[in-house]
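[1] pasting the structure only:
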């Protein structure tokens, strides 16, 4: 009779232990996503791919749903990827991550692969993640027996197909679906979806959720390293300034990321084992140690807000103020106590 | 009975509206002359990206049948006129649906006209433009490249100036009368009509012989046919071994890069680096979205000119005031490394650097703030 050799559904492989890099000089030199991608000048999503691959290291498998980071990086039989990468459909970064992690586990259990922890990362854009792939990501975050990371690179529109509005587009932004007209100036009136906090609050067994921005590259890499080390399914939401869709001089990619944080529009936080912690400048803002810059300083730099008049800036400012003054957890959870 | 076509090569996103205005203008003007035309962006150029060389076309025929016949080809490949909306495109383009560096005059018909907006001399441009092997004409519209973005357009009349020049070099495609009438109808702005008329008068055309031009053979690479492709359409990644050979203390670090797409033809500005003021802080290296900085054996960061696409992030993030400066790409020949030149002769390098920075021609790179384009147009016309 065949002996059951199925190990219990607990993690038998473990994860890679990726210690945080303390300072820029400690960052690994090796590149696993290199030059030669057909992205825009100053593309911060390509930058986050580079940082993510660098942080994860060589023993990693990357999966990517359709979007800029699929199309621009594998065009015409040509690629900047060093570590294995596979395309998956627009809404299926979650399923691809779970499937790959499960597949690796099965191969190792059956002895077809030597046992070793291999990082599984699936990335998706805001269209693929915050809109289409939300259910698959939710499912992936419930399957706590698999080690995986889902990284959503959010450039606030369907940028690959020429800037259509997504659930992550900010209020009032000009997109091909919300072009300001003579009768209606503001065509997109929804407030940006609060994806990371929603996933953290909704999946109490998920051990790690974080928001990052390329303008804090070392923090961003260390969050990726933490997510991969802690075990189970994890989620990271990255804000990536996009010179094409946001319409600005590509040289300001880094600066706009900083402004998004300093104005309080993009809060940096991590939720580890259900404990929420703001970090970096966002922490200083929450503690009252840093004054938020007016949102105007961020919005006026971008062509997508060029149609804004005073009342639009005021509305945007008031909504941002609410995030920090009214929310139960400032910048994170939009509830208030009665 | 004839068909004529115009190819507009432009910087993706920055000049998308400009290219659209030109191609639409050609089609409307053709209609006025009783012809039929069509304007289109190449599908594979959308999604287009900031700075990447992209193309739009306008095709004009006497009859619908001729137009349909012409459009049955993969893309217009013997154009009467090729417009380069930015003169740095003359160095060649890594175009979509082309594997390697495509000379700017590659798809130009024999005896056709390459029309360039530029403030440089024809001879300087011909030192970039690859030798064609057949004679053609080089025509110039005297202005710097007009750059804006996806949502806010810089209306500096470059679109109508190019249309006016087009009527001069290719009257069989569009006549001046038809163009002027179209502009009046489309823009309802008499100053734009005057700009087109002025450009028509001012356009200089220079004959270029078969042998003239840059003698360099543009690189190409072999794309496997579908029968050679691997199961599951596997694309071979870059070797991981090659990536982990060198450490910081034993000879620097040069990442192995994509061998079949270099990206430098996206560049219209390049960083020049002052290694004398560099503090080796690594910020440019870490923040470059294109991983273009090579680590040198002595710990400097040298922008690799095959990989750099000229975004300018390095200049913006560099904490030293005069270490990295972006300079118009037209000031350079070739893609030689700067650290090597500095290492060889520091004094000569300092002189070269100072000269490049002092004489750098102005260049815009998109939207900074509301009202900026209006200010620029005002300053340019003053």
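    Received the coordinates, thanks. Bear in mind that the values here come from a model prediction, so they are computed numbers and not experimental data.

[2] what about the strands in chain A?
    A:60-65, A:85-88, A:119-125, A:148-154, A:208-213, A:233-239, A:269-272, A:275-278 (DSSP state E).

[3] which strands and helices sit next to the fourth one?
    Same thing as strand A:148-154. Here strand A:148-154 touches helix A:44-56, helix A:93-109, strand A:119-125, helix A:126, helix A:134-142, helix A:195-202, helix A:217-230, strand A:233-239, going by 3 or more CB pairs under 8 Å, 6 or more residues apart in numbering or on different chains; DSSP states H and E. In short, each C-beta sits where N, CA and C put it, glycine included.

[4] now do that strand: distance to the chain's middle.
    What separates the centre of strand A:148-154 from the centre of its chain is 5 Å, taken as CA atoms, centre = their mean, to the nearest Å.

[5] from residue A:46, how far off is the residue of the stretch 1-150 of chain A found nearest chain B?
    The nearest approach of the stretch 1-150 of chain A to chain B comes at residue A:36, 2.4 Å away (CB to the nearest CB). Going from residue A:36 to residue A:46 by CB to CB, to the nearest Å gives 11 Å.

[6] who has more neighbours, those two?
    A count of neighbours by other CB atoms under 10 Å in any protein chain shown puts residue A:46 above the other of residue A:36 and residue A:46, at 27 against 24.

[7] isn't the more buried one up against residue A:39?
    Yes: judged on CB atoms under 8 Å, residue A:46 makes contact with residue A:39 at a distance of 4.4 Å.

[8] the longest helix seen in chain B near chain A at all?
    Longest helix of chain B, by residue count under DSSP state H: helix B:16-32. No: for helix B:16-32, no contact with chain A is found by CB under 8 Å from any CB of the partner chain; the gap never falls below 9.4 Å.

[9] just the buried residues of that helix, please?
    Within helix B:16-32, the residues that count as buried by 16 or more other CB atoms under 10 Å in any protein chain shown are B:16-30, B:32.

[10] widest-spaced pair of the residues you listed?
    Farthest-apart pair in the buried residues of helix B:16-32 is B:16 and B:32; separation 25.0 Å (CB to CB).

[11] run through chain A and note the low-pLDDT ranges.
    For chain A, the stretches with pLDDT under 70 are A:1-12.

[12] okay, which residue is most central for the chain?
    Here I'm looking at chain A. Nearest residue to the geometric centre of chain A (CA atoms, centre = their mean): residue A:237, 2.5 Å.

[13] chain B, not that one
    Note: chain B centre (CA atoms, centre = their mean) maps to residue B:89, 3.2 Å.

[14] right, and it touches residue B:104 too?
    Yes: the pair residue B:89 and residue B:104 qualifies as a contact (CB under 8 Å) at a distance of 5.6 Å.

[15] what sits in contact with each of the two?
    Residues touching both residue B:89 and residue B:104 by CB atoms under 8 Å, 6 or more residues apart in numbering or on different chains: residue B:9.

[16] tell me the secondary structure for the residue of chain B found nearest chain A?
    Proximity of chain B to chain A (CB to the nearest CB) peaks at residue B:258, 2.4 Å away. Judged by DSSP: H, G, I helix; E, B strand; the rest coil, the three-state class of residue B:258 is coil.
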